[in-house]
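Visitor: sequence first, then the predicted structure, then my questions.
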Amino acid sequence: QTIINQPIVHDNKVAGRLPEYESANGSMIFQWGHKLNGEIIWANTTTIHNAYNEITRWRKNTFLVPCGKIGRNFIDQLTMHITDWNNGLENQHIALKATFVLMAVCLQKPSQKSKTKDHKDCLTRRLELWKNGDIDQLVREGRMIQQRIGKSRKTKPPNKAKIFAKLVMEGQINAALRHLSDNDSRGVLPLSQDVMAQLQEKHPEPQEARLGFLLFGPVEDIPDCLYQQIDGEMIREAALRTKGSGGPSGVDAMGFKRILGCKSFKSSSTSLCDALATMTKKLCTEYVDPHTIESLVACRLIPLDKGEGAVRPIGVGEVIRRIMAKCVMKILKQDVIDASGSLQVCAGLKCGSEAAIHAIRKIFEADDSDGVLLIDASNAFNSLNRSAALHNLRILCPTLAIFAINTYREPA
């Protein structure tokens, strides 16, 4: 088995090369909207890129979308950007980044003690600026708010009972229990040179593909009708089941439960759910340009204190991606279980890892048994060849292959 740098030609077919996609090369200047007098508003691609690169470094400081007309207008604006991506318009290359920038700049809390009325006033003004293309002004306002977060000194220790009650009322039971636990005092490590070195060590360069890594076999064509059951109602149900903090945009699962599941938003929420369902089906049936979904698959990398100087890296992705993935797995769960078989105890088998360990221990402790337990503790997931793994997935589990290739073709 020799290491190869080029794809292998087998039976006049190229193995190890992922399917090609249609590049979405949009123009630098594109139409953003219209003013009241009918004049066209133009936007610059660089402006959106720069805004996104800045908001990904902001601390979480977002408020829930307020009820009423302004909340519906905000959700309609989100729907418009996602629909632009779904329809492949001239701004498709920047539509999803604009979606996450919109959430980050428009939902910034003006202060720690701001009320719902303040949020409505801020959102009304900011949404008007957004529609007029004044994105730099919105980013500048958010930057000033971010500079003032956490600068006030706390004279009193935090009230554990009050924080616990607040988390419980928000439905964040796990976070509430962690807050009470005395063992949860380590938290997030500062980005020192040692921490950065450990993070880089845990994300090694992928190994090159070897001939023995690749599977050869027919690739089944999957009919699009298999994914038609992904609809807006399934998106809403998945959103209500989703938990956890937000990705680079800063909007957590609670924020999306509000946006997608609150009945007060009426048809606006339904339209956004339908747009996300269309987007999910497109990712399952078409090979898309990975640069257009760069913001969708982006993650916040958090170094947690593992104790004794060790680092546990946690990647927190966007909530929208989690919601979409739940819908995909709901209809493909059995296919994944069948493809994994007995080699992957984490697929479809509850507590599969624990069951495997207990079974091996029981056999090993028997009087008539001798054996050796071999454990591979290296970071195999990050060192595997991404293209080879996705190529093999087309043969092992073709129903999941297109969605996986779209979301894993490029590093996050």
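Guide: Done, it's in.

Visitor: buried residues in the helix or strand containing Gly142, which are they?
Guide: Using DSSP states H and E, Gly142 sits in helix 135-147. Neighbour counts over helix 135-147 (16 or more other C-beta atoms under 10 Å) mark 135, 138-139, 141-142, 145-146 as buried. Bear in mind the C-beta positions are built from the backbone N, C-alpha and C, glycine included.

Visitor: and the next element down the chain from the helix or strand containing Ala389?
Guide: Assessed by DSSP H and E, Ala389 sits inside helix 386-396. On the C-terminal side of helix 386-396, the closest following helix or strand by DSSP H and E is helix 398-408.

Visitor: average model confidence for that next one?
Guide: In this model, helix 398-408 carries a mean pLDDT of 96.

Visitor: Gln112: which of the buried residues of helix 135-147 is nearest?
Guide: Taking C-beta to C-beta as the measure, Gln112 sits nearest to Ile145 out of those, at 10.4 Å.

Visitor: that older thread, so what does the helix holding Ala389 touch, helix or strand wise?
Guide: Judged by 3 or more C-beta pairs under 8 Å, 6 or more residues apart in numbering; DSSP states H and E, the packing partners of helix 386-396 are helix 398-408.

Visitor: related to what we said a few turns ago, the helix holding Gly142: what's the following helix or strand?
Guide: helix 160-169.

Visitor: how far out from the middle of the chain is the next helix or strand after that following helix?
Guide: Next helix or strand after helix 160-169 toward the C-terminus (DSSP H and E): helix 173-180. In terms of C-alpha atoms, centre = their mean, to the nearest Å, the centre of helix 173-180 is set 23 Å apart from its chain centre.

Visitor: all helices of the stretch 301-412 of the chain, in order?
Guide: Here the stretch 301-412 of the chain has its helices, by DSSP state H, counting those that start in this stretch, at 319-340, 352-365, 380-383, 386-396, 398-408.

Visitor: now do the buried residues in stretch 211-219.
Guide: Using 16+ other C-beta under 10 Å as the burial criterion, the residues of stretch 211-219 that qualify are 213-214.

Visitor: hey, C-alpha coordinates of it in PDB?
Guide: C-alpha atoms of stretch 211-219 as PDB (Å, rounded to 0.1, in the frame of the first residue of the first chain):
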ATOM      1  CA  LEU A 211      -5.100   2.700  -1.500                       C
ATOM      2  CA  GLY A 212      -6.400   0.400   1.200                       C
ATOM      3  CA  PHE A 213      -8.500   3.200   2.700                       C
ATOM      4  CA  LEU A 214     -10.800   3.500  -0.200                       C
ATOM      5  CA  LEU A 215     -13.900   1.400  -0.900                       C
ATOM      6  CA  PHE A 216     -14.800   0.400  -4.500                       C
ATOM      7  CA  GLY A 217     -18.400  -0.200  -5.400                       C
ATOM      8  CA  PRO A 218     -21.500   1.200  -7.000                       C
ATOM      9  CA  VAL A 219     -22.800   4.500  -5.800                       C
END
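
Visitor: so how many other residues sit close to Phe164?
Guide: Phe164: 15 surrounding residues under other C-beta atoms under 10 Å.

Visitor: can you check Arg72 too?
Guide: Neighbour tally, Arg72, other C-beta under 10 Å: 18.

Visitor: so it sits against Ile259, correct?
Guide: No: look at Arg72 against Ile259 with C-beta atoms under 8 Å: they stay out of range, at 10.6 Å.

Visitor: shared neighbours, these two?
Guide: Taking C-beta atoms under 8 Å, 6 or more residues apart in numbering as the contact criterion, the residues that touch both Arg72 and Ile259 are Phe265.

Visitor: would you mind pulling up the elements that the helix holding Gly142 packs against?
Guide: helix 45-55, helix 92-106, helix 116-131.

Visitor: the second one: how far from the chain's middle?
Guide: The offset between the C-alpha centroid of helix 92-106 and the centroid of the whole chain comes to 14 Å, using C-alpha atoms, centre = their mean.

Visitor: I'd like the mean pLDDT over it, please.
Guide: The average pLDDT within helix 92-106 is 96.

Visitor: next one: the longest one
Guide: When the per-residue pLDDT values of helix 116-131 are averaged, the result is 96.

Visitor: extract the CA atoms of it and return them as PDB.
Guide: The C-alpha trace of helix 116-131 is given here as PDB (Å, rounded to 0.1, in the frame of the first residue of the first chain):
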ATOM      1  CA  THR A 116     -38.400  44.500  26.600                       C
ATOM      2  CA  LYS A 117     -39.500  48.000  25.500                       C
ATOM      3  CA  ASP A 118     -35.900  49.000  25.000                       C
ATOM      4  CA  HIS A 119     -35.300  45.900  22.900                       C
ATOM      5  CA  LYS A 120     -38.300  46.800  20.700                       C
ATOM      6  CA  ASP A 121     -37.000  50.300  20.200                       C
ATOM      7  CA  CYS A 122     -33.500  49.100  19.400                       C
ATOM      8  CA  LEU A 123     -34.700  46.400  17.000                       C
ATOM      9  CA  THR A 124     -37.000  48.900  15.100                       C
ATOM     10  CA  ARG A 125     -34.200  51.300  14.600                       C
ATOM     11  CA  ARG A 126     -31.600  48.700  13.700                       C
ATOM     12  CA  LEU A 127     -33.800  46.800  11.300                       C
ATOM     13  CA  GLU A 128     -34.400  50.100   9.400                       C
ATOM     14  CA  LEU A 129     -30.600  50.700   9.200                       C
ATOM     15  CA  TRP A 130     -30.200  47.100   8.000                       C
ATOM     16  CA  LYS A 131     -32.700  47.500   5.200                       C
END
